[in-house]
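In: predicted model and sequence below, questions to follow.
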Amino acid sequence: MIPRRYRRPLLLLALAWAMPVWGAADGEALYGKYCAVCHGEAGDGRSRAAASLKPPPRDFVHADPETLTRERMLEAVREGRAGTAMMSFARRLTPEEQAAVVDYIRARFMGEGERKTAPPPSREANEREDDLGARLYQRHCAVCHGDDGRGAVWARNSLKPPPRDFVHADPETLTRERMLEAVAHGRSGTAMQPFSGRLAPREQAAVVDYIRRTFMNRGRAASPRERPAPDRYPGGLQGDPLRGEAIFQGQCFECHGRRGQGDGPRSHFIHPRPRDFTSADSRARFQRAELFRAIARGKRGTVMPAWDKVLSPQQIADVAEYVYTRFIHPRESAGPSGDGEPFAEPADPERGRRVYDFRCYFCHGYDGDARTLAASYLDPPPVAFTEADPARLTPERIVEVLRRGRPGTAMQSFARTLSPAEMRDVAAYVYRRFVVAGEPAGDYHTPENGWPDHQRYRDAFPFALGEIPLDRPVESLTPEQRRGRELYLRSCITCHDRGRVESEGPPWRARPLSYPRNGYDHRAPDQVSGASPYAVHDQAPVLPDLTAEERLGERLYQQNCAFCHAKDGSGAHWIGSFLEPSPRDLRDPALAGLSDEALLERIARGVPGSAMPAWRYVLDERQIRAVIAYLRKAFLK
């Protein structure tokens, strides 16, 4: 029994012993307070919160301390990790407390300082672990992955994506850490479920080690695959970055972003996030051959598809070359100084032509004469290379403009778009072909440029070249010319935008937005239609001394034809202006040159593609000829 007078000093001494030293952070207490709720009491990420977090919390037990360095962990605690539930603790923990909790995790769970001194497992221990891994594999894994590790037949045919084929897997790509993570947490988007609730960490490690020793090494020994050299594509393919850029910007940027940083429009909805090709990991991992395989085969468990089902091998090589030279090793062509200046290799005008045709033609034209639609809107207009002075517009000057642009004009800098070598190639092509020789580029529509058998479009050539005006009356064109005009307006005009017309016409023309209201009669306009600007065209010409045939034609025309062509033959009244295409203006001098037989044919059979019907089912030949007689008297003069 302790005397009462000694109890209080002893209590104070006990409390002092239990309390930590002032200013010393307790990493274990901090971990339990802030970290265990997600990372688990054992540091293996097996917490109640883990099931609802995507991606799951970090498993420190199976993490590699050399990869997950102390600096990375301190940064994660201080800054948080974007795209995960890991938040910043900079406002909750002092720098000393942050360091304390990180050091606790590394010492308690990651075994830092123990790995170097731990003795290697004995042969008997390996055999025991291997036997445990074999039993666990047969119990849990063989049903999908098969007894031989190649994937069970039923699973390969039924599961999408199919189970992993361990025999042909690359151990350097499918690392032990990746497999441990897949066993513990599963793989989203696949049939692979998490086993953290069924297998202990030791059991998970045992089955992974069994798979790697039994199947993956055997696959490499039994069926070695000849890989192409790291800097070469299979089959001797040569990638074209220009063609690859068109594919990348059309198909890949939605996920990987315009600059290859994995920040495309869809990236925010994708887990795991698309690869950032500019990251240190990508630059250390990817050579041309590996990049080709990744694009061709895709990546299981992600939204990255196997593009060999869509693209040809050449197209895959093209896009791989673009990604490799633009994002992964953008300065590969730089000189030894590393300042971005290319090696002193001769310029390639043919390669420059491909770049020019892809990037420069829109303003400067394929023939370098700047006769483009863009040139008609730009002020000042683009330079016409065929009219430039060779003494002033030198290749060096062209390269300088490509690099810096021209302030006050539409010419922007291409420094972030073209490499120095590509700029020199373009300059060589422009200078030799246009500035010095003053020659057109030649026939652009070749099979190499994607135009096989271009002559099949020859009906449209006269309109593209301006030989036939676009506003020439359709009735005066031959069937071949009509087909050519339609083809030109539907397709060719996109690039050949300088079609010729004989009359520009008014800058704007009124057009009704609705059909006349119910009860409209062109022979007796009501107050609304009669007060419109179109009413002036609903007045028939006064014609004295008409013959009997002409009077019959006048009556038939005003009763039937004036509904669309208007009483004055202009087709510019309410109905005529509403129809598309508009009815023919019968006062057009071009119609006066048509014979009676030609007019009879058009009225009797109608005009395809317009509102003009076949009147032979309403009027007989005598009545149609009477209408023609009236037209010649009233309009066709």
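Out: Received the coordinates, thanks.
In: all helices for the stretch 201-350 of the chain, in order.
Out: Applying DSSP state H, counting those that start in this stretch to the stretch 201-350 of the chain gives helices spanning 201-211, 217-222, 241-247, 253-256, 280-285, 288-297, 313-323, 349-359.
In: next one: the stretch 351-500 of the chain
Out: Counting by DSSP H, counting those that start in this stretch, the helices of the stretch 351-500 of the chain are 361-364, 373-377, 395-404, 420-430, 461-464, 479-490.
In: list the buried residues in the second one.
Out: Right, helix 373-377. Neighbour-count burial for helix 373-377 flags L373, A374, A375 (criterion: 16 or more other C-beta atoms under 10 Å). Glycine gets a C-beta too; all of them are placed from N, C-alpha and C.
In: again, but for the third one
Out: The neighbour-count check on helix 395-404 (16+ other C-beta under 10 Å) flags P395, I398, V399, V401, L402 as buried.
In: pLDDT and distance to R458 added to those, as TSV?
Out: Shown next, in TSV, are the buried residues of helix 395-404 (pLDDT from 0 to 100; distance: C-beta to C-beta, whole Å):
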residue	pLDDT	distance to R458
P395	88	38
I398	93	36
V399	91	40
V401	92	38
L402	93	37
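In: and this protein, what are its domains?
Out: 23-108, 123-222, 234-328, 349-436, 447-494, 540-634 (automatic domain parsing).
In: state the mean pLDDT of the first one.
Out: Same thing as domain 23-108. Averaged across domain 23-108, pLDDT comes to 85.
In: ok, now the longest one?
Out: Per-residue pLDDT over domain 123-222 has a mean of 79.
In: all further residue positions should be reported with the first residue as 25.
Out: Noted, 25 is the first residue going forward, which turns the last one into domain 147-246.
In: contacts only, for the spatially closest residue to R188 that is not a sequence neighbour.
Out: Computed as C-beta to C-beta, 6 or more residues apart in numbering, the closest residue to R188 that is not its neighbour in sequence is H169, at 6.6 Å. By C-beta atoms under 8 Å, 6 or more residues apart in numbering, the residues touching H169 are Y161, G175, A176, A179, P187, R188, F190.
In: for the residues you listed, give me TSV that also has secondary structure, neighbour count and distance to A412.
Out: Below are the contacts of H169 laid out as TSV (DSSP: H, G, I helix; E, B strand; the rest coil; neighbours: other C-beta atoms under 10 Å; distance: C-beta to C-beta, whole Å):
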residue	secondary structure	neighbour count	distance to A412
Y161	helix	20	73
G175	coil	20	65
A176	coil	18	70
A179	helix	15	67
P187	coil	21	64
R188	coil	24	61
F190	coil	23	64
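In: what's the farthest-apart pair in those?
Out: The span of these, defined through C-beta to C-beta, is set by Y161 and A179 at 14.6 Å.
In: indicate which one of the helices of the stretch 375-524 of the chain is closest to S619.
Out: S619 lies closest to helix 503-514 among those, at 17.9 Å (C-beta to C-beta).
In: show me the contacts for the nearest residue to I235 once chain neighbours are set aside.
Out: Residue nearest to I235 in three dimensions, not counting chain neighbours: F190, with 5.5 Å by C-beta to C-beta, 6+ apart. Taking C-beta under 8 Å, 6+ apart as the criterion, F190 is in contact with H169, G173, R174, I235, F239, M240, G243.
In: can you count the residues close to the second one?
Out: Spelled out, it's G173. 23 (other C-beta atoms under 10 Å).
In: and the gap between it and V231?
Out: Distance, G173 to V231, by C-beta to C-beta, to the nearest Å: 12 Å.
In: and the third one, by the same measure?
Out: From R174 over to V231 the distance is 17 Å, taken as C-beta to C-beta.
In: which one's more surrounded, the two?
Out: Between R174 and V231, counted using other C-beta under 10 Å, the more crowded position is V231 (25 against 17).
In: my read: that one touches V207, true?
Out: Yes: here V231 reaches V207: they are 6.8 Å apart, a contact under C-beta atoms under 8 Å.
In: intersection of neighbour lists for the two?
Out: Common neighbours of V231 and V207 are listed as L223 (criterion: C-beta under 8 Å, 6+ apart).
In: test my guess that S220 contacts D68.
Out: Yes: S220 is within contact range of D68, at 7.3 Å (criterion: C-beta under 8 Å).
In: what's the overlap in contacts for the two?
Out: Going by C-beta under 8 Å, 6+ apart, residues that sit against S220 and also against D68 are A208.
In: ok, now how distant is P565 from A53?
Out: Separation of P565 from A53 (C-beta to C-beta) stands at 105 Å.
In: neighbour count winner among the two?
Out: Legend: neighbour count by other C-beta under 10 Å for P565 and A53, higher for A53 (14 against 11).
In: residue ranges with poor pLDDT in the stretch 475-624 of the chain?
Out: Counting by pLDDT under 70, the stretch 475-624 of the chain has low-confidence residues at 521-522, 528-558.
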